[in-house]
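Asks: Return atomic coordinates for the entry below.
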Amino acid sequence: MPETPASPAAPPSLTEVETHGVERIPDADRTATPFDLFRVAFGGANTFSTCVLGAFPILFGLSFWQGLAATLLGVVVGGLILCPMAVFGPVNGTNNAVSSSAHLGVHGRVVGSFLSLLTAVAFFSISVWSSGDALVGGAHRLFGLDRGNLSYVVAYALFAGLVLAVCVYGFRFMLFVNKIAVTSATVLFLLGAIAFGGDFDPSYAGAFTASADPATKALFWPSFIGAALIVLSNPVSFGAFLGDWSRYIPAHTPRRKVVTAAFLSQIATLLPFVFGLATASLIAKQAPKYVDPAAPDFVGGLLAISPTWFFLPVCLLALIGGMSTGTTSLYGTGLDFSSVFPRLSRVQATLVVGVLSIAFIFIGRFGLNLVQSISTFATMIITCTTPWMVVMMLGFYTRRGWYDPDALQVFNRRQRGGRYWFSHGWNWRGMTAWWVSAVIGVLFTDIPGQFVGPLGGLANGVDISLPLSLAVAAVLFLALLRLFPEPRAAYGPHGARLARTAESPVPPITGPGARDENAPALAVEGG
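Replies: Model prediction:
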């Protein structure tokens with residue numbers, strides 16, 4: 001039956017620390033809107049980090065127009081893959097990792113938590129590095145600040161500390177930051193269009209010209225697809241986090257509005273992507289040493305070609321945009337970490353993960369040269385995350401969007417049993433579809449100069465890891481649902497779609513806080 005809308009309560013103060021963890025958000029506390037989801041998701045990508053990703057088509061040798069085509073392809077396809085992941089939050093009132101209990105099992109849901117944890121740490125690190133470098137570089141050009149290690153230490157520490165403080169306060173404070181970030185970063189990007197518009201020439205030809213040798217021309221499609229996949233990785237990276245923000249949207253909100261908000265938030269990222277693409281083509285002409293694929297430095301190149309009056313906007317863009325990306329990454333990390341280790345509150349988990357992330361940032365920047373490794377690490381995480389998203393979305397479709405909120409919380413309460421207990425807390429159908437497709441994706445990964453899987457060379461240099469893992473996950477999961485039916489109780493009152501069900505008893509929920517620990521097993525009707 002449809003949920004009756006509850007009377008919304010007044011939103012809490014910005015300075016009130018959020019107490020909700022991954023338990024179901026009470027209906028009265030759900031005061032967010034699809035537009036709020038748009039602002040958080042867009043604000044988290046309307047940053048310097050996205051500009052850096054936008055420069056990759058130029059680094060791969062594409063012309064401006066070829067790069068624009070690759071960028072459009074990556075953003076649109078990535079947005080289409082991502083947007084269905086927004087519906088789990090309003091339906092279940094919790095984050096996507098907890099919702100995955102329905103498809104991977106009560107214990108199998110930890111897969112989503114650790115995937116989001118690793119993804120957030122990687123993208124938080126990239127955000128702090130790129131924003132910190134831009135702040136120090138801009139201050140050097142404006143005020144002559146020394147670009148020594150001490151300056152970078154102070155910039156990283158201050159920036160990471162600000163991000164951590166926002167995340168500790170929680171969703172409302174993060175939403176406030178993103179409201180400011182969306183508008184101000186957009187204005188700064190438009191100022192950038194004025195700053196570079198006079199010099200911009202869309203005729204930048206890249207490496208694949210008519211006069212290029214045959215060996216170079218043969219690299220066009222691998223380069224084009226590789227650039228599109230890097231762009232696509234940005235929207236896909238939000239897959240595990242959309243539920244963190246959409247769980248505050250009332251359950252009765254039309255799903256099409258939630259999905260549309262998530263999709264449009266990624267289409268809007270064409271602003272920073274195209275800014276990065278256009279300025280990278282300028283850097284390639286005016287300061288080519290900064291776009292050397294062996295040692296690219298987009299931030300340094302941008303500052304090198306910027307007019308003096310744009311140095312301050314660059315610093316502001318780095319600060320505001322980096323805050324937005326950092327908070328959206330770290331907030332979700334703390335939330336997921338608290339769900340894996342329920343003894344930690346959301347605030348405690350956020351502090352623990354934040355401190356570990358900051359330590360990782362400093363070790364990577366000053367102890368090792370991990371910038372290239374982080375790029376590979378992020379790509380590998382996305383290769384493994386996308387099949388998990390496929391299992392979630394197909395699971396939602398086969399269940400007709402019906403879930404048992406109480407059974408989803410079994411793991412967090414340290415209980416046993418329920419509709420999603422399956423085999424000792426694991427749904428081997430969803431788990432198998434995920435790990436098999438993820439392994440295949442890794443095997444076929446082809447990132448020249450960084451990581452080439454054992455089978456990466458079979459496609460003549462084209463990285464087919466992501467589309468292949470998507471296809472394998474979809475076919476394998478649906479096949480397993482047909483061949484090995486799930487219990488009828490896992491589905492809603494209208495039964496399954498594209499799947500068969502079986503008459504199987506469902507163990508009662510037992511353990512701390514269970515409503516009736518001595519209740520007999522539920523008798524399930526056949527589907």
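
Asks: C-alpha only now, for contacts and for neighbours.
Replies: Noted.

Asks: contacting residues for the residue nearest to Phe124 when sequence neighbours are not counted?
Replies: Distance criterion Cα to Cα, 6 or more residues apart in numbering; nearest residue to Phe124, sequence neighbours excluded, is Gly326 at 5.1 Å. Gly326 makes contacts with 44, 123-124, 127-128, 160, 163, as judged by Cα atoms under 8 Å, 6 or more residues apart in numbering.

Asks: quick one: which two of these are the most distant?
Replies: The span of the contacts of Gly326, defined through Cα to Cα, is set by Gly44 and Ala160 at 15.2 Å.

Asks: can you list the residues that contact the helix or strand encompassing Ser281?
Replies: Using DSSP states H and E, Ser281 falls within helix 270-286. Helix 270-286 is contacted from outside by 46-48, 50-58, 63-64, 67-68, 71-72, 75, 186, 189, 192-193, 196, 199-202, 204, 290-291, 298, 301-302, 305, using Cα under 8 Å, 6+ apart.

Asks: cool, stretch 50-59 as well?
Replies: 63-64, 66-67, 70-71, 206, 223-224, 227-228, 230-231, 234, 269, 272-281, 284, 291-293, 296, 298-299.

Asks: I'd like the next helix or strand past the longest helix that the chain contains.
Replies: Longest helix of the chain, by residue count under DSSP state H: helix 110-143. Next along the chain after helix 110-143, taking DSSP H and E as the criterion, comes helix 149-169.

Asks: hang on, the earlier thing: what angle separates the longest helix of the chain from helix 149-169?
Replies: Put simply, helix 110-143 runs at 130 degrees to helix 149-169, going by axes from the mean of the first three to the mean of the last three Cα atoms, to 10 degrees.

Asks: Flag every buried residue along helix 110-143.
Replies: The neighbour-count check on helix 110-143 (16 or more other Cα atoms under 10 Å) flags 110-117, 119-139 as buried.

Asks: ranges for the helices of the stretch 251-400 of the chain?
Replies: 255-267, 270-286, 298-305, 311-340, 346-362, 371-398 (DSSP state H, counting those that start in this stretch).

Asks: Now mean pLDDT and distance to Arg488 too, for these, in TSV please.
Replies: Output for those, formatted as TSV (pLDDT from 0 to 100; distance: least, Cα to Cα, whole Å):
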stretch	mean pLDDT	distance to Arg488
helix 255-267	96	25
helix 270-286	93	44
helix 298-305	82	54
helix 311-340	72	27
helix 346-362	78	34
helix 371-398	83	12
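
Asks: most packed of those helices?
Replies: Stretch with highest mean neighbour count among the helices of the stretch 251-400 of the chain: helix 311-340 (a mean of 26; mean count of other Cα atoms under 10 Å).

Asks: least trustworthy helix or strand in this protein by mean pLDDT?
Replies: One helix or strand of the chain scores below all others by mean pLDDT, DSSP states H and E: helix 311-340, with a mean of 72.

Asks: State the mean pLDDT of stretch 113-129.
Replies: Mean pLDDT, stretch 113-129: 78.

Asks: about what we covered before: filter the contacts of helix 270-286 to the buried ones?
Replies: Looks like the contacts of helix 270-286 have 46-48, 50-58, 63-64, 67-68, 71-72, 75, 186, 189, 192, 196, 204, 290-291, 298, 301-302, 305 buried, using 16+ other Cα under 10 Å.

Asks: hmm, back to that, in terms of secondary structure, what does the longest helix of the chain contact?
Replies: helix 48-54, helix 96-99, helix 149-169, helix 298-305, helix 311-340, helix 346-362, helix 371-398 (3 or more Cα pairs under 8 Å, 6 or more residues apart in numbering; DSSP states H and E).

Asks: and the angle for that helix with helix 346-362?
Replies: Put simply, helix 110-143 runs at 60 degrees to helix 346-362, going by the same axes, to 10 degrees.

Asks: Now do helix 110-143 and helix 298-305, the angle between them.
Replies: 20 degrees.

Asks: gap between helix 110-143 and the chain center?
Replies: Using Cα atoms, centre = their mean, to the nearest Å, the distance from the centre of helix 110-143 to the centre of the chain it belongs to is 13 Å.

Asks: If anything else comes up later, I'll come back, but that's it for now.
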